[in-house]
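Chemist: Sequence plus predicted model, see below.
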Amino acid sequence: MSFGGRLSVVLGLFVVAAGLAVWAVVGFMLPTTPTVDFTAAQPSGAPVDLTVQTVGTIGFGAHPTWVSYLVKNPSGQWVHSTVWKVPAHTRINLTIEQYDSGSPLRNQQWGLVAGTTGGVATLNGKPIALYDSNSGNGVGHTFSIPTLGISVPLVGIADDAKNPCSQAPCTTDFDHNVIKVSFVTPGPGEYPWQCYVPCGLGFLYGNGGPMSTLGYMGGFLDVTA
Amino acid sequence: MTIDNAESEGQGVAAEAVIAQPGKEPRHIWRMVAIWLVLSAVLDPLFYILVGPHVPPGTMTSAAKDNQFDFNILLVAALPVFLAVWVYLAYSAVVWRASRKGAPEPVGGAQARTHLGVQVGWIVTTTVIVLGLFAFGTVEVITKAGSGGGEGPNPIWTPTSATILPVQVIAQQWKFTYRYPTFGGFESQQLIVPNNTTIAFHVTSLDVIHGFWAYELSIKADANPQQDNVAYATTRQTGSVTVRCEELCGLWHGAMFNYGKVVSKAAFMAWAKSTEAGTAANTKLLPPFAYTYVPDANGSDGGYYPDNVDPYSNSEVYGAKPAAS
Ligand SMILES: [Cu+2]
Ligand SMILES: [Cu+2]
């Protein structure tokens, strides 16, 4: 084979290998859950209303027994997604419907409401800045954006709740707590959010499964300009 | 040009080289040594003076300063080795290039076979460099009392300073929090430390293995569950500190970072006092300060800090009372 021929074979193989590597890396990094876009839902600069729910068992999909978050899209339907696109430097009014029960926190530090407007949340309409997870129903999950210092304890429903929801999406007819917070988005970027409660029951330290899979107990706040 | 052509040209040079008269050639080795000596003598001090002060991890703590010095010595030792390779390569490429008429065969000729001087020189030089660096590193790590790494629960090298500020680093998936036992044991998402102070970082984890890497402080200590890993640093400059987890610890390992600060002693006291007061309600709910905490490995039912485990290591006890035995 001529030098040119050999060179093109080598280059061709290199391009194929590089392409495969890029495909594998991008495929790994790209979120597998759909992105729900809130940037066009209201006039620019206006606060974004974001409503999510946490359920003890999602009841459908690849892992029906896993805990999960769901989000209400701008047209009002519940979607199984944890990647939410929101505008930068905008107030987010976050409403969390918590349908899961709670327990003492592994680190009570996450009983503190942190990084939200005024450092407070409301729990069923009453303001709270701190929740003692060793009391009452404990904390089921947290909504936390570690890189922004935001964390909100989601107080659990009673263990012996009369009417617990076991199949997402849950309607407000089932037992639940409503937690509301506001915060202002920073500049554009992808901000991972997660739960600090090791709620992956049956996994080592409770942090496997839904805690370690995008689309269940973690996702991205995709902040765009 | 095709490869076939290039090969035949190469053979032509080799043929010429065989004909070339040995002994008529200048003393190439001494020329190379001269070039190498001059370059090393010029570039080594230039590197040390111009680049040295910018070599990581900077000089924010005494550990950082010592490590920067060590890195500079290693680099100053490495630069002549680097230059030797490249001078030899460049000299060969110029002097023994294929197109030069009468170029001798540089390697593989009779002179290159079992050359005792080259062999002994190679072994002696590399041995001296490696053993020298080994001795230097050993002396440095001992005389400078460690290098800012985690020393385990019973540190070999403890600082001589009269006062030591303890700061506990608690790693969990996927965030570091910091506890200040001498300020009522409050816990914070922020790492704030005072300047001109020796700090004992007590690093532990509530779940898997993480690694506390405070880059500018030159502190790197594994965060193991149920282990109190102690690392010391003495701050010497105010400024921003980048903290990263340096043990692959799960989904959000890459997002497990935060920025801390070294501030003046007065600013630190003000921050610590106000945070202590501001978070007192939460501190009351936290377990008493301990060097390790034992969460339940099975998940979400809390099961935090059981009563039957002695939470105190035997290294040091700051403020907190040891468990009654
Ligand atoms: Cu959770
Ligand atoms: Cu980590």
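Modeler: Happy to help now that I have it. Ligands and ions are numbered 1, 2, ... in the order given.

Chemist: And the strands in chain A, which stretches?
Modeler: For chain A, strands defined by DSSP state E occupy the ranges A:35-37, A:48-55, A:68-72, A:78-79, A:83-87, A:91-98, A:121-123, A:126-128, A:139-145, A:150-155, A:177-184, A:189-194, A:218-224.

Chemist: how about B:Q190, what does it touch?
Modeler: B:178, B:258, B:260-261 (CB atoms under 8 Å, 6 or more residues apart in numbering or on different chains). For every residue, glycine as well, the C-beta is placed using N, CA and C.

Chemist: now for the strands of chain A, which one comes closest to chain B?
Modeler: Evaluated with CB to the nearest CB, the strands of chain A place strand A:189-194 nearest to chain B, the distance being 4.4 Å.

Chemist: chain center to that closest one, what's the gap?
Modeler: Averaging C-alpha positions (CA atoms, centre = their mean, to the nearest Å) puts strand A:189-194 9 Å from its chain's average.

Chemist: For that strand, which helices and strands make contact with it?
Modeler: strand A:139-145, strand A:218-224 (3 or more CB pairs under 8 Å, 6 or more residues apart in numbering or on different chains; DSSP states H and E).

Chemist: Report the mean per-residue pLDDT for the first one.
Modeler: The pLDDT scores in strand A:139-145 average 93.

Chemist: Using PDB, list the CA coordinates for that strand.
Modeler: Output in PDB follows, covering the C-alpha atoms of strand A:139-145 (Å, rounded to 0.1, in the frame of the first residue of the first chain):
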ATOM      1  CA  VAL A 139     -37.300  14.200  57.400                       C
ATOM      2  CA  GLY A 140     -38.100  12.200  54.300                       C
ATOM      3  CA  HIS A 141     -35.800  13.900  51.800                       C
ATOM      4  CA  THR A 142     -34.000  17.200  51.300                       C
ATOM      5  CA  PHE A 143     -33.900  19.400  48.300                       C
ATOM      6  CA  SER A 144     -30.300  20.600  48.100                       C
ATOM      7  CA  ILE A 145     -28.100  22.400  45.600                       C
END
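
Chemist: quick one: contacts of it?
Modeler: Contact partners of strand A:139-145, identified using CB under 8 Å, 6+ apart, comprise A:52, A:54, A:56, A:67, A:94, A:96, A:98, A:100-105, A:110-111, A:115, A:131, A:133, A:150-157, A:179, A:181, A:191-197, A:199, A:217, A:221, B:175.

Chemist: which is the next helix or strand following the longest helix seen in chain B?
Modeler: Assignment by DSSP state H gives helix B:62-95 as the longest helix of chain B. Using DSSP states H and E, the helix or strand that follows helix B:62-95 in sequence is helix B:116-143.

Chemist: so who does B:G250 touch?
Modeler: For B:G250, the contact set (CB under 8 Å, 6+ apart) comprises A:207, A:212, B:173-174, B:208.

Chemist: Mind picking the one among the residues you listed that's closest to ligand 1?
Modeler: Minimum distance to ligand 1 across those is 9.8 Å, recorded for A:N207 (CB to the ion).

Chemist: Count the neighbours of that closest one for me.
Modeler: Neighbours of A:N207 under the rule other CB atoms under 10 Å in any protein chain shown: 29.

Chemist: From A:T142, how far out is it?
Modeler: Taking CB to CB, to the nearest Å as the measure, A:N207 and A:T142 are separated by 13 Å.

Chemist: so what does the helix-or-strand element of chain A with minimal mean pLDDT touch, helix or strand wise?
Modeler: For chain A, using mean pLDDT, DSSP states H and E, the weakest element among its helices and strands is helix A:3-29, scoring a mean of 88. Using 3+ CB pairs under 8 Å, 6+ apart, the elements in contact with helix A:3-29 are helix B:3-19.

Chemist: switch to 6 Å and redo it
Modeler: Here helix A:3-29 touches no other helix or strand, going by 3 or more CB pairs under 6 Å, 6 or more residues apart in numbering or on different chains; DSSP states H and E.

Chemist: in terms of contact, does A:V86 touch A:F38 like I think?
Modeler: Yes - between A:V86 and A:F38 there is a contact at 5.1 Å, judged by CB atoms under 6 Å.

Chemist: Many thanks, have a good one.
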